[in-house]
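Participant: what's the 3D shape of this:
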Amino acid sequence: MAIISKYAVALLACSVFASTQGFAPASPQLAVPHKSSSAATSTQLYIIGPMIRKMREGKEASKMPMANPDEAKVEAPGLRVGANAWKWPPVWPYDSNFFKRKSEMNAKDKANPMMNMMNPMDVMEKKDIADVDENKFDSLKWWDENKDVTTDLDERVAAKISSKTRIPFYSHYSFYLRDGMSVLELGAAENSYLPEGLKLNRHVGVGAVKSQMESNPSITESFVVDLNDVVEDEGIKSVELAELGRDTFDAVIMANTIDFLNNPREVFKSSWKALKPGGIMIVPFLAKNAYVDKFDEAFTKQWRDMTDDQHMWVAGSFFQFSAGEGWEGLKGFDISPEGAKKIGEEEGVLSKLKQEDKDVPPGAYVVQARKNFEAEEVDENDVEGYIKSKMWMLPTLEDRDKKLVTPRLARAYEALDTEEEKERMLGHFDSLPKIYASLIKMDQFAFTFSMQAQLAADLMGDPDFTGSDIQINNMKMGLGLRKPSADFWAPVGKLTAAMKPEDKVNLLAYIVPRFGSDDPSQQEALSAFVSGLEPTFAVIRSKCPNMKESDVQLVGSELLASEVLVPGRSSREEFALWLGALTDVDLEFILAKRNSFKEDATKEMEAFQKERADEEQAITDRRTKIQEQVTYARENRATIFNPRTGKIEQVEPPKKGIFGTGIELPFGN
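Facilitator: You can find the predicted model right below:
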């Protein structure tokens, strides 16, 4: 009997798996012996019943919105993913192949893109080195050649986006767009599907085909732009778009366009720049199979290979990795019309047959966010908040880098003595991308991301650091990224070889800003430093014979740097006299004091990391609470909005028991 029930469970699992995955395993071991014993049937029920229930519960959980009911009250219908539900990897998780088309792909490029998403650190710590691609897709040419092919939205989908249902809060655009607004539409064509009667002050269309935009009655002005022609880390490469200015539009809409983008991050950066603070970007898109027969050749790999559920999260990531916290209120909606395949449904045989039914409307989804308000001046009580807002659009730095360097920059700012020094630091924030462009090449294990952030913050906090080419070049030599100069970096590197990496970073940050000065005395100070290292170490060794060599080099190099590297503070001869007067007790005290600073900084960083971890846990707890609230609301609600009648109607509570029949099984629920 036990053998029969085990086979029954295995068969059930495989049959359900086959129905959800679209194939059935051919395994002769899974054949069920034909036995008609009532005992066998009873045993199977005891095993299969709970399994069915558990699988159904899992299926319902996968389709459950991750949004707070209170949050849903102030948004358009269909809210599925709330602002606190998203989670992202620390760096941009896609390689360039993820956004290529079939015609652009080589055989070696056709790996599963989800592998990169699951292991982003393996592929994204270095920039792609792209070869000249002879198969590069010409977007403008393709769309011009196919300008007679239109989207022709299903009326039931259009009703969800515009206001054709005559129920204002039932359409999505009508919930957020208002009369008098200025709207920028990216990917514009012959129809914008805006609410009927909406009177915009300005509607600028940016698309690939001029004739299509000219036939669009809503658009007031338009121009042709290739959205796939971008400046890396900056935005869309277009003079016309740049001339529209920053902080110009109340809304940016981009419908059915993300499936064709090669460089979505740059497109979203341009959208952020174009929006007024508080303005909204709305990105609607249809199910992946809606236009396969028309546009398959233009679809990117991410669109072809991923599900509609994954498309929503990928679209959300475009917001996150374009401006980070420069966007707020990121939300995802499922606005699919009645009868459409819902997001989260399995891609099984029945589902695919349903998709092929021409009378079944495609699913429709929206991801959107608002542009956050950028701090205009420093709040001395929240310096970190000001710096964070300045990082939103900073190129080169990954989201991970921004989170690591921001609190360090705030501490460096607060440590400066004068307002002039603080203004100088804030004035050369554009130096950060130059620093990180060099650090990308560093070995992340030998030179950790935290150390990179500390070096960047220390350099930025030095009033003499300007990010000049000379300073960046010397930083690279100090890091071993370029051949060290024979008269300075080669001897410094050799003489300080025993120092710990974090101590070398501190010394490097102090030395680099001294380069690039036109002051001859600064050049003399640099020469005095490098020539004074060896005799300084010799004096310390003689006074403290038991001191570790790494500590000898640490104390000696920092004492010499603090006194000799700054012109006018101490000459080499004056420093030698002062050092000679120090006792072993003095030197041990200096070392202990130096180490205490490091310990305090370590404790401070640990506290910061714990605070961040607590924040992440709080977000996870909120997500769990939201799901619990949604579950409770679904199980206990007595009324529901009926889109067919436009009325709130009573709902009969779901019956308990197997298959909702009210019949309780003997082994319980």
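Participant: Contact partners for the residue nearest to S192 when sequence neighbours are not counted?
Facilitator: Ranked by Cβ to Cβ, 6 or more residues apart in numbering and with sequence neighbours excluded, the top spatial neighbour of S192 is S218, at 4.8 Å. Heads up, the C-betas are built off the backbone N, CA and C, glycines and all. With contacts defined as Cβ atoms under 8 Å, 6 or more residues apart in numbering, the neighbours of S218 are S192, L194, L200, H203.
Participant: Number of residues surrounding the second one?
Facilitator: By other Cβ atoms under 10 Å, 22 other residues sit near L194.
Participant: repeat for the one 3 residues further on
Facilitator: Applying other Cβ under 10 Å, we find 8 residues neighbouring G197.
Participant: Retrieve the pLDDT associated with it.
Facilitator: With respect to pLDDT, G197 has a value of 86.
Participant: how much space is there between it and R178?
Facilitator: When distances are taken as Cβ to Cβ, to the nearest Å, G197 and R178 turn out to be 12 Å apart.
Participant: Likewise for Y94?
Facilitator: Look at Y94 and R178: by Cβ to Cβ, they are 35 Å apart.
Participant: same thing with F465?
Facilitator: The spacing between F465 and R178, counted by Cβ to Cβ, is 47 Å.
Participant: who has more neighbours, the two?
Facilitator: Taking F465 and R178 together and counting by other Cβ under 10 Å, F465 has the greater number of neighbours (23 against 13).
Participant: Could I get the phi/psi values of the more buried one?
Facilitator: Its backbone dihedrals place F465 at phi -90, psi 130, with angles given as degrees, to the nearest 10.
Participant: what pLDDT does it get?
Facilitator: The confidence metric pLDDT takes the value 94 at F465.
Participant: Repeat that for M1.
Facilitator: For M1, the pLDDT comes out at 38.
Participant: coming back round to it: quick check, the residue nearest to S192 in a strand?
Facilitator: No - S218: not assigned to a strand; according to DSSP: H, G, I helix; E, B strand; the rest coil it is coil.
Participant: In the stretch 101-250 of the chain, where is pLDDT below threshold?
Facilitator: Residues of the stretch 101-250 of the chain meeting the criterion pLDDT under 70: 106-135, 149-170.
Participant: now with 90?
Facilitator: Regions of the stretch 101-250 of the chain meeting the criterion pLDDT under 90 cover residues 101-172, 174, 191, 193, 195-197.
Participant: Any stretches of the stretch 451-600 of the chain with poor pLDDT?
Facilitator: Along the stretch 451-600 of the chain, the parts satisfying pLDDT under 90 run over 501-502, 517-518, 566-572, 593-600.
Participant: what is the mean pLDDT for stretch 364-382?
Facilitator: Along stretch 364-382, the predicted confidence averages to a pLDDT of 93.
Participant: That one: end-to-end distance?
Facilitator: The straight-line separation of the ends of stretch 364-382 (Cα to Cα, to the nearest Å) is 41 Å.
Participant: Longest strand in the chain, by number of residues?
Facilitator: Assignment by DSSP state E gives strand 275-286 as the longest strand of the chain.
Participant: what's that one packed up against?
Facilitator: Judged by 3 or more Cβ pairs under 8 Å, 6 or more residues apart in numbering; DSSP states H and E, strand 275-286 is in contact with helix 173-176, strand 249-253, helix 264-274, helix 308-323, strand 364-371.
Participant: Reformat these as CSV; add distance to F529 and mean neighbour count.
Facilitator: As requested, the helices and strands packed on strand 275-286 are exported to CSV (distance: least, Cβ to Cβ, whole Å; neighbours: other Cβ atoms under 10 Å):
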stretch, distance to F529, mean neighbour count
helix 173-176, 61, 20
strand 249-253, 53, 24
helix 264-274, 42, 25
helix 308-323, 42, 22
strand 364-371, 48, 25
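Participant: With distance to N595 as added columns, please give the ones you listed in a markdown table.
Facilitator: Converted to a markdown table, the helices and strands packed on strand 275-286 look like this (distance: least, Cβ to Cβ, whole Å):
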| stretch | distance to N595 |
| --- | --- |
| helix 173-176 | 57 |
| strand 249-253 | 53 |
| helix 264-274 | 43 |
| helix 308-323 | 39 |
| strand 364-371 | 46 |
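Participant: right, and the ones you listed - which one's nearest Q454?
Facilitator: helix 308-323 (23.8 Å; Cβ to Cβ).
Participant: Show me what the closest one is packed up against.
Facilitator: Helix 308-323 sits against strand 79-81, helix 264-274, strand 275-286, helix 301-305, strand 327-334, strand 364-371, with contacts defined as 3+ Cβ pairs under 8 Å, 6+ apart.
Participant: Now do the first one, average pLDDT.
Facilitator: Averaging pLDDT along strand 79-81 yields 92.
Participant: now do the second one
Facilitator: Confidence over helix 264-274 (mean pLDDT, whole number) is 97.
Participant: between that helix and strand 275-286, how big is the angle?
Facilitator: Per axes from the mean of the first three to the mean of the last three Cα atoms, to 10 degrees, the angle that helix 264-274 makes with strand 275-286 is 140 degrees.
Participant: Quick check: P195 is in a strand.
Facilitator: No - applying three-state DSSP, one finds P195 to be coil, outside a strand.
Participant: Can you give me the neighbour number for it?
Facilitator: With neighbours defined by other Cβ under 10 Å, the count for P195 comes to 19.
Participant: Now do the strands in this protein.
Facilitator: Chain-ordered strands for the chain, with DSSP E as the definition, fall at 79-81, 182-186, 202-207, 221-224, 230-231, 235-236, 249-253, 275-286, 327-334, 364-371, 639-642, 647-650.
Participant: any chance of the ones you listed in a markdown table, plus distance to A490?
Facilitator: Listed next are the strands of the chain as a markdown table, based on distance: least, Cβ to Cβ, whole Å:
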| stretch | distance to A490 |
| --- | --- |
| strand 79-81 | 55 |
| strand 182-186 | 52 |
| strand 202-207 | 54 |
| strand 221-224 | 55 |
| strand 230-231 | 38 |
| strand 235-236 | 42 |
| strand 249-253 | 53 |
| strand 275-286 | 51 |
| strand 327-334 | 47 |
| strand 364-371 | 49 |
| strand 639-642 | 75 |
| strand 647-650 | 79 |
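Participant: Indicate which one of those strands is closest to A242.
Facilitator: Proximity to A242, assessed across the strands of the chain by Cβ to Cβ, is greatest for strand 235-236 (8.3 Å).
Participant: so what strands line up beside that closest one?
Facilitator: As defined by DSSP bridges, the strand partners of strand 235-236 come to strand 230-231 (antiparallel).
Participant: picking that back up, list the buried residues of the longest strand of the chain.
Facilitator: L275, K276, G279, I280, M281, I282, V283, P284, F285, L286 (16 or more other Cβ atoms under 10 Å).
Participant: what's the angle between it and strand 182-186?
Facilitator: Going by the same axes, to 10 degrees, strand 275-286 makes 40 degrees with strand 182-186.
Participant: Quickly run through the sheet partners of strand 275-286, with directions.
Facilitator: strand 249-253 (parallel), strand 364-371 (antiparallel).
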